[in-house]
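>>> Build me a structure from this.
(chains A and B)
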Amino acid sequence: MLKGYGAVILDGAWLTLQLALSSMALAIVLGLIGVALRLSPVRWLAWLGDLYSTVVRGIPDLVLILLIFYGGQDIINRVAPLVGYDDYIDLNPLLAGIGTLGFIFGAYLSETFRGAFLGIPKGQAEAGVAYGMSARQVFFRIQVPQMIRLAIPGFTNNWLVLTKATALISVVGLQDMMFKAKQAADATREPFTFFLAVAALYLVLTSVSLLALKYLERRYSVGVKVAEL
Amino acid sequence: MIFDYNVVWDALPMYIDGLLTTLKLLAISLFFGLLAAIPLGLMRVSKQPVVNLTAWLYTYVIRGTPMLVQLFLIYYGLAQFEAVRQSVFWPLLSSATFCACLAFAINTSAYTAEIIAGSLKATPHGEIEAAKAMGMSRMKMYRRILLPSALRRALPQYSNEVIMMLQTTSLASIVTLIDITGAARTVNAQYYLPFEAYITAGVFYLCLTFILVRLFKMAERRWLGYLAPRKH
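I've put the predicted structure just below:
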């Protein structure tokens, strides 16, 4: 049915999965940094965090991808000669893709995390301080573990949007499943077949993620009492 | 100076044309998307399993696949079938603008249907009971009580959807349309100034986003004023 392109597309699917998982890992780190900035009592740091999340969330992913991938490469090559490096620098599409998606979704996650942090009762952090913990200990030992449960619904949403956004990286030449499908479609002149196959693969990916994150949410909510009707 | 903005300044008319294309795509797809979303939302709260499941399947599949795939399926994919190419719809389906609007409208209808369904389900019991006590028929109850109140309460979430849609329209540039992103891609292709070209597009989108947020804030004050906390 796929005229021998099945394996090629599955290869691309593996790359898509790698891209999604690695960018999410980066996004979590950036999201935590972002939220730490936004909730910081130092005013200009909070302002910096707000700027990051507002600007990134106000610009389409595609424009940011093109900006960071082409623009970033251009800037690097304009600056490099100034510091005495004369070879042309070519960005690796996978690394650039991870960097770009991580940067974009870090902003979305910082918003999710912010909501979750604000949902933790104030007394928790105060109790930590009362025990003599440093600000960092309070953040990592008290706030982060409790924030996870509250952040899972928003995180699920962010993850689904991110998986779907990986398709856009094919536009800048990463050979993910979307790129492979386009190639197969052009070669066989059967675009519908191949894009439908890719749609099905994305649907499997999102469905599995939904189930896994539902399970995770139940795990993290074990200690929470829910009134039975 | 390593940045060169003269080119962008000269290309400004192209960006403005792109802006109009973006707004046109956004308005058309939002209009038809909302039109389809209201019946779909009603189907999603239906008690008949067949009706509910059909709408659920539709929104699940659309929300579970990337917009880019949907756009390619419609723009490139449909041409695979001889029957489509022979049909009376072919002049429409071979137009990039039509395909983009169709794909965007389908996409937003699925997300909006879920928003409307959620809002309908959150209708206070009292309102429904009062409508029944007044002897309203189902039809009248939906028209006079449920939909007006649910659509209003859906406004904050819908504003997010509209902003997401604004960003989604940038995909139109991939199927050859010259919207704001398309203008930036053209400028980049002509002068090889990717950073300046895309940063300008980004500024346009940021301004549009801020304007939309403002407009929705005003709309919320107008139609959701009754939910705001009391002021003196």
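>>> for chain A, what's the longest helix?
Longest helix in chain A by number of residues, with DSSP state H as the criterion: helix A:6-38.
>>> counting contacts, what elements does that one pack onto?
helix A:43-57, helix A:93-118, helix A:144-169, helix A:177-188, helix A:191-220 (3 or more C-beta pairs under 8 Å, 6 or more residues apart in numbering or on different chains; DSSP states H and E). Heads up, the C-betas are built off the backbone N, CA and C, glycines and all.
>>> Which positions in the longest one come out as buried?
To tie it back to what came earlier, the one meant is helix A:191-220. For helix A:191-220, the buried set under the neighbour-count rule, 16 or more other C-beta atoms under 10 Å in any protein chain shown, comprises A:191-199, A:201-203, A:205-206, A:209, A:213, A:220.
>>> Also near chain B: which of these, exactly?
Contacts with chain B within those, counted by C-beta under 8 Å from any C-beta of the partner chain: A:191-193, A:195-196, A:198-199, A:202-203, A:206.
>>> Show me the helices in chain B, by range?
For chain B, helices defined by DSSP H occupy the ranges B:6-10, B:12-44, B:49-64, B:67-75, B:82-86, B:90-93, B:96-121, B:125-133, B:138-141, B:147-153, B:155-168, B:180-191, B:194-223.
>>> got JSON lines for the ones next to chain B among the buried residues of helix A:191-220, with distance to B:Pro39 too?
Shown next, in JSON lines, are those (distance: C-beta to C-beta, whole Å):
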{"residue": "A:Pro191", "distance to B:Pro39": "30"}
{"residue": "A:Phe192", "distance to B:Pro39": "27"}
{"residue": "A:Thr193", "distance to B:Pro39": "31"}
{"residue": "A:Phe195", "distance to B:Pro39": "27"}
{"residue": "A:Leu196", "distance to B:Pro39": "26"}
{"residue": "A:Val198", "distance to B:Pro39": "29"}
{"residue": "A:Ala199", "distance to B:Pro39": "24"}
{"residue": "A:Tyr202", "distance to B:Pro39": "26"}
{"residue": "A:Leu203", "distance to B:Pro39": "24"}
{"residue": "A:Thr206", "distance to B:Pro39": "25"}
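>>> Let me know the closest of those to B:Tyr75.
Distances from B:Tyr75 to these, taken as C-beta to C-beta, are shortest for A:Pro191 (8.8 Å).
>>> Please verify my assumption that that closest one contacts A:Ala185.
Yes - shown here, A:Pro191 and A:Ala185 form a contact pair, counting by C-beta atoms under 8 Å, at 3.8 Å.
>>> Mind listing the shared neighbours of the two?
Residues touching both A:Pro191 and A:Ala185 (C-beta atoms under 8 Å, 6 or more residues apart in numbering or on different chains) are B:Tyr76.
>>> What separation is there between A:Val144 and chain B?
A:Val144 sits 26 Å away from chain B, going by C-beta to the nearest C-beta, to the nearest Å.
>>> Kindly state the pLDDT recorded for the closest residue to that residue other than its chain neighbours?
Counting by C-beta to C-beta, 6 or more residues apart in numbering or on different chains, A:Val144 lies nearest to A:Leu32, which is 7.7 Å off, once chain neighbours are set aside. The per-residue pLDDT reported for A:Leu32 equals 93.
>>> Verify the contact between A:Leu32 and A:Phe113 for me.
Yes - using C-beta under 8 Å, A:Leu32 is in contact with A:Phe113, at 6.6 Å.
>>> Tell me which of those two has more neighbours.
Neighbour count, other C-beta atoms under 10 Å in any protein chain shown: between A:Leu32 and A:Phe113, A:Phe113 has more, with 28 against 18.
>>> separation between the more buried one and A:Thr206?
Distance, A:Phe113 to A:Thr206, by C-beta to C-beta, to the nearest Å: 22 Å.
>>> What of A:Arg136?
Per C-beta to C-beta, A:Arg136 is found 36 Å from A:Thr206.
>>> Which strands or helices does the least confident helix or strand in chain A by mean pLDDT pack on?
Every helix and strand of chain A was ranked by mean pLDDT, DSSP states H and E. The lowest is helix A:72-79, at a mean of 84. Under the contact criterion of 3+ C-beta pairs under 8 Å, 6+ apart, helix A:72-79 touches helix B:194-223.
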